[in-house]
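Participant: missing the sequence, but the structure's below:
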């Protein structure tokens, strides 16, 4: 079960996401559903089409299935998805 404590160790594809803050000011406020993930990028399906957002330098707000919104610094999720879900994570 995805919770705010273990979100960074779970699959992100399919979750609603919003870009809260970004070094690229054009990405700030973009929202949609995560449709793909690589080591350094998230692809978000927005109303304007798919947008690729760099993880580094970006803060995301993910909506988890129980309805809570969780803020995550992109540098915490920089890794290949298959490697990230294996990580042992201390309290973040």
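Facilitator: Alright, I've got the coordinates. These numbers were taken from a predicted model, which means no experiment stands behind them.

Participant: how far away is the nearest residue to residue 38 once chain neighbours are set aside from residue 86?
Facilitator: Spatial nearest neighbour of residue 38, excluding adjacent residues (CB to CB, 6 or more residues apart in numbering): residue 80 at 7.4 Å. For every residue, glycine as well, the C-beta is placed using N, CA and C. Using CB to CB, to the nearest Å, residue 80 is found at 10 Å from residue 86.

Participant: those two - which one has more neighbours?
Facilitator: Set residue 80 next to residue 86 and count neighbours by other CB atoms under 10 Å: residue 80 wins out with 12 against 9.

Participant: in stretch 47-65, what counts as buried?
Facilitator: Across stretch 47-65, burial judged by 16 or more other CB atoms under 10 Å covers 51, 53, 55, 58, 59, 60, 62, 64.

Participant: what sits opposite the spatially most central residue of the chain in the beta ladder?
Facilitator: Nearest residue to the geometric centre of the chain (CA atoms, centre = their mean): residue 60, 5.5 Å. Legend: beta-bridge partners of residue 60 under DSSP bridges are residue 19, residue 72.

Participant: and it, what does it touch?
Facilitator: By CB atoms under 8 Å, 6 or more residues apart in numbering, the residues touching residue 60 are 17, 18, 19, 20, 42, 71, 72, 74.

Participant: can we see that at 7 Å?
Facilitator: By CB atoms under 7 Å, 6 or more residues apart in numbering, residue 60 lies in contact with 17, 19, 20, 72, 74.

Participant: contacts only, for the second one.
Facilitator: Applying CB under 7 Å, 6+ apart to residue 19 gives the contacts 27, 28, 29, 30, 53, 58, 60.

Participant: separation between it and residue 58?
Facilitator: Noted for residue 19: a distance of 6 Å to residue 58, by CB to CB.

Participant: list residues touching both of these two?
Facilitator: Common neighbours of residue 19 and residue 58, counting by CB under 7 Å, 6+ apart, are residue 27.

Participant: and the contacts of the helix or strand of the chain at the bottom of the mean pLDDT ranking?
Facilitator: In the chain, the helix or strand scored least confidently by mean pLDDT, DSSP states H and E is helix 81-84, which has a mean of 87. By CB under 7 Å, 6+ apart, the residues outside helix 81-84 that reach it are 8, 9, 11, 37, 77.
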